[in-house]
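Peer 1: Can you look at this prediction? I've put the sequence above it.
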Amino acid sequence: MAERGGGPAAPFVAVRGLNVHFRRSRKAGESVRAVDGVDLDIFTGETLCLVGESGSGKTTLVRAIGHLAPITSGSVRLGDVDAAQLPRKELRSMRRRVQYVFQDPFESFDRRQSIFSIVSQPLRVHKLASSRAELESKVYEALEECGLDPPGEFAKLYPHQLSGGQRQRVSIAAAVVLRPELLIADEPVSMLDVSVRSDILSLFVRLKESHRMTLLFVTHDLSVAWEIADRIAVMYLGKVVEEGTADQVIGRPANPYTHALVTAIPVPDPHAAAPPPGVKGDIGDIVGIPAGCRFHPRCPYALDRCSQTAPPLAEVGEGHRSACIRNEELELAPPHRLVAGTAG
Amino acid sequence: MALLSISSLTVEYQRAGRTIRAVDDVSFEIETGTVVGLVGESGSGKSTLALSLMGLLPRNGAVTGGSILFDGAEMTGLDEPEWRTVRGRRMGMVFQGAMNSMNPVRRVIDQVAEPILTHETDMTKADAADRAGELLSLVGIPADRHPAYPYEYSGGMRQRAGIAMALSGRPAVLIADEPVTALDVIVQARILQLLEDLQEALDLTILFITHDLGVVARLCDRVVVLYAARSVEEGTVEDIYDRPKHPYTRALLESVPNFSRGRGKSHGIPGAPPSLMDPPAGCRFHPRCPRAMDICTSVSPARSRFTATQTAACHLYEEEAGGDG
Ligand SMILES: Nc1ncnc2c1ncn2[C@@H]1O[C@H](COP(=O)(O)OP(=O)(O)OP(=O)(O)O)[C@@H](O)[C@H]1O
Ligand SMILES: Nc1ncnc2c1ncn2[C@@H]1O[C@H](COP(=O)(O)OP(=O)(O)OP(=O)(O)O)[C@@H](O)[C@H]1O
Ligand code: SF4
Ligand SMILES: [Mg+2]
Ligand SMILES: [Mg+2]
């Protein structure tokens, strides 16, 4: 964020009018609109956290951004290229600029592969080391900067000999060894023990800074997002409904859905007030996508017109956008008293 | 008087010729009408402790020491028919992962009615169905959804149905093992509210198991902190969050993001929780403890009492036991 200064920087990732729809059954016309008309900018060097309930489309969106999933319509530009327009050969080198870390450190490895072989594989695939010595030095460097020290010892081990947190460090090493420009992490700490989570979070922030990467981080846990995000985008049923800095989205949410989400976070403080009962139903009760604002059947502030017009994502403050028909008139109480401070 | 009194409870599993002590000399009490939170990381023995309270340990597991007094009566050593009179009727349990463990081909209302029929043999099927319907409504599931199949329910609704089932025998104690862990926060908040409301309306006593310190702060009166099968600290929620004593409790609280502390202020505990196949000697936390001393590597710390409500097992406090407020 700080690097962005005053002027409008060009985003590294520019998502425009993106749709990713899946066919649920052979019956014509029935499709799941997993990502439905998303516009999103991610600026070079920032950490953008994508949050939302299960099924809101987070994974589908980030897969589309990394061109791992087919796009139904719309565009995703990375830097100055639109991958949809690229010839196959260049697509491959573009893929190297984007790397992933997934949720489950236990399932993402072949148990018979050593740590060395796991972390060196991407280098071998992209032919990025000309000698064994160069391969080794790159792998060791990646292991070391991911906290697997001494790297020579860790390189010889196998996944089952590591703890969950260490395995996740291995998958981060295998992603950063390629020096990607964009690192996409999809729920990378949700399977880990609470006592090891925050060190993995700060590892992401540290690596992002030392390698000047852009970090797109998916989490369903807003307190995780608050801990590391420069900006947060909130998804609901395939749409981004609010976007802003971490302090804006969590400290002063403008959208009733975000407000409900933030209010519901249980905080580790017995003196915190219990959240007021607000939103009804759950995302899974919604069959199909409601007309108008998709949140209206559950929204405590819904008016008749909310079921008719779909609100666009509109500016509510500097760099702060919300998709709500009542943007102008609603004054939502700040859900938590935040202590200001910077991530990292 | 305590409704449930657990003292020096030890539970062991046999696996591949080895003994795993999954609950090691744990003691605490639960007063009638209160909510006690049992927190600990994965593998610390939370579910094992819960299953032993219900007489539901798997075949390779057994209570090998200590006692469980429920309403003054000893529970360890009961035989299966005796357990059946306790289970459901006096203690109900919401199982970890309950939302995925319902029978997929039976209607939800029938599954809730089933334990009612087994507990209350004089009940007719129709009466049991009525009561199951009442329970489902009590947990907030509208009547028109009662006859549905589990796959037609969202995760939150299945979890509510699991709570209804646990309440079907009108138990005095509800044991809830990670009942909100897999749920989205909005649904989670509503289930917690539901448990709070039920607790008041039915004067329930609840043992709430979780690894989420936020949930504990929200719901519980007292907290027991487990680390590698042992209870390391116990106190009221205020004791634990405002003046934690044990280095593990302190480190655990510092490891979770906290809005009232500032961003980027949380830091993890080095290393990982130990395997119970081969736990560290002395204090089990010593390999990760920032304040470990020589004695910690070989001698198990005794429990120190700080106040009428707070105790911890750590060598740092053994000298001053009884002092410090
Ligand atoms: N390959 C697919 N075919 C059909 N539907 C899909 C497919 N992938 C995702 N979906 C559907 O798209 C919607 C969004 O799914 P997605 O996995 O992107 O959500 P998410 O926000 O990542 O959820 P979670 O937090 O559970 O990971 C869901 O309704 C899901 O069932
Ligand atoms: N049936 C079993 N046979 C052998 N060992 C078992 C069995 N069930 C659990 N264990 C072991 O007992 C220990 C405690 O497990 P338990 O399931 O009670 O932990 P937990 O605190 O509930 O963990 P989680 O948070 O992951 O649910 C673990 O080391 C586990 O591997
Ligand atoms: S007994 Fe020692 S190692 Fe254990 S928590 Fe206390 S100081 Fe740390
Ligand atoms: Mg996902
Ligand atoms: Mg468990």
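Peer 2: On my side now, so go ahead. Ligands and ions are numbered 1, 2, ... in the order given.

Peer 1: okay, now the domains of chain B?
Peer 2: Per automatic domain parsing, the structural domains of chain B span B:4-90+B:171-258+B:270-280, B:101-169.

Peer 1: just the ones you listed: most buried one?
Peer 2: Of all the domains of chain B, domain B:4-90+B:171-258+B:270-280 has the most neighbours on average by mean count of other C-beta atoms under 10 Å in any protein chain shown, namely a mean of 19. In this view, the C-beta of every residue, glycine as well, is placed from N, C-alpha and C.

Peer 1: Is that one in proximity to ligand 3?
Peer 2: Yes: residues of domain B:4-90+B:171-258+B:270-280 contacting ligand 3 under C-beta under 6 Å from any ligand atom: B:246-248.

Peer 1: So which residues of the chain form strands?
Peer 2: Because you didn't say which chain, this covers chain A. Ranges of strands in chain A, per DSSP state E, are A:11-23, A:31-43, A:47-51, A:73-78, A:81-82, A:98-101, A:182-186, A:214-219, A:231-236, A:239-245, A:314-317, A:320-322.

Peer 1: if you could check chain B rather than the one you did, that'd help
Peer 2: For chain B, the strands defined by DSSP E cover B:2-15, B:18-31, B:35-39, B:61-70, B:73-74, B:91-94, B:173-177, B:205-210, B:222-227, B:230-236, B:303-305, B:311-313.

Peer 1: Any idea which of those strands gets closest to ligand 5?
Peer 2: strand B:173-177 (5.9 Å; C-beta to the ion).

Peer 1: Check whether that closest one comes near ligand 5.
Peer 2: No: using C-beta under 5 Å from the ion, we find that strand B:173-177 stays clear of ligand 5, coming within 5.9 Å at best.

Peer 1: got any ranges where chain B has weak pLDDT?
Peer 2: Chain B contains residues with pLDDT under 70 at B:99, B:319-325.

Peer 1: Enumerate the residues of it near ligand 5.
Peer 2: Checking chain B against ligand 5 by C-beta under 5 Å from the ion, the hits are B:46-47, B:96.

Peer 1: Pick the one among the residues you listed closest to B:A272.
Peer 2: Nearest to B:A272 among those: B:K46, at 17.0 Å, using C-beta to C-beta.

Peer 1: what sits against the closest one?
Peer 2: B:K46 makes contact with B:38-40, B:177-178, B:209, B:211, B:226, according to C-beta atoms under 8 Å, 6 or more residues apart in numbering or on different chains.

Peer 1: where do the helices sit along the stretch 151-300 of chain A?
Peer 2: Using DSSP state H, counting those that start in this stretch, the helices found in the stretch 151-300 of chain A span residues A:151-155, A:164-176, A:194-210, A:222-228, A:246, A:256-263.

Peer 1: related to what we said a few turns ago, between the strands of chain A, which gets nearest to B:S8?
Peer 2: Using C-beta to C-beta, the strands of chain A put strand A:214-219 closest to B:S8, at 40.9 Å.

Peer 1: which other residues reach that closest one?
Peer 2: By C-beta under 8 Å, 6+ apart, strand A:214-219 touches A:12-13, A:42-51, A:58-59, A:62, A:65, A:181-190, A:204-205, A:208, A:225, A:228-229.

Peer 1: Any of these buried? List them.
Peer 2: A:12-13, A:42-51, A:58-59, A:62, A:65, A:181-189, A:204-205, A:208, A:225, A:228-229 (16 or more other C-beta atoms under 10 Å in any protein chain shown).

Peer 1: Export the residues of domain B:4-90+B:171-258+B:270-280 next to ligand 3 to CSV and append columns for distance to B:D71.
Peer 2: Shown next, in CSV, are those (distance: C-beta to C-beta, whole Å):
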residue, distance to B:D71
B:H246, 31
B:P247, 36
B:Y248, 32
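
Peer 1: hey, C-alpha coordinates of the worst-scoring helix or strand of chain A on mean pLDDT in CSV?
Peer 2: The weakest-scoring helix or strand in chain A, judged by mean pLDDT, DSSP states H and E, is helix A:88-96 (a mean of 76). Taking Å, rounded to 0.1, in the frame of the first residue of the first chain, the C-alpha atoms of helix A:88-96 are listed here in CSV:
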residue,chain,number,x,y,z
ARG,A,88,0.2,-21.3,-25.7
LYS,A,89,4.0,-21.0,-25.4
GLU,A,90,3.8,-17.6,-23.7
LEU,A,91,1.0,-18.8,-21.4
ARG,A,92,3.5,-21.2,-19.9
SER,A,93,6.0,-18.5,-19.0
MET,A,94,3.2,-16.4,-17.7
ARG,A,95,2.1,-19.2,-15.5
ARG,A,96,5.5,-19.1,-13.9
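
Peer 1: got the angle between that helix and strand A:73-78?
Peer 2: Here the directions of helix A:88-96 and strand A:73-78 differ by 60 degrees (axes from the mean of the first three to the mean of the last three C-alpha atoms, to 10 degrees).

Peer 1: Give me the contacts around helix A:88-96.
Peer 2: Identification of contacts with helix A:88-96 by C-beta under 8 Å, 6+ apart yields A:66-67, A:78, A:81, A:83, A:86, A:126, A:178, A:180.

Peer 1: Buried among those residues? Need that as a selection in ChimeraX.
Peer 2: The buried residues among the contacts of helix A:88-96 can be selected in ChimeraX (16+ other C-beta under 10 Å) with this line:
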select /A:66,67,78,83,178,180
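
Peer 1: nearest to chain B, of the contacts of helix A:88-96?
Peer 2: A:P180 (23.0 Å; C-beta to the nearest C-beta).

Peer 1: That closest one contacts A:R97, correct?
Peer 2: Yes: contact criterion C-beta atoms under 8 Å: A:P180 and A:R97 qualify, at 5.6 Å.

Peer 1: mind putting the contacts of B:K46 in CSV, distance to A:R298 included?
Peer 2: Below are those laid out as CSV (distance: C-beta to C-beta, whole Å):
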residue, distance to A:R298
B:L38, 32
B:V39, 31
B:G40, 34
B:D177, 28
B:E178, 25
B:I209, 29
B:H211, 28
B:L226, 37
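
Peer 1: For chain A, what's its nearest residue on chain B.
Peer 2: B:S154 (2.7 Å).
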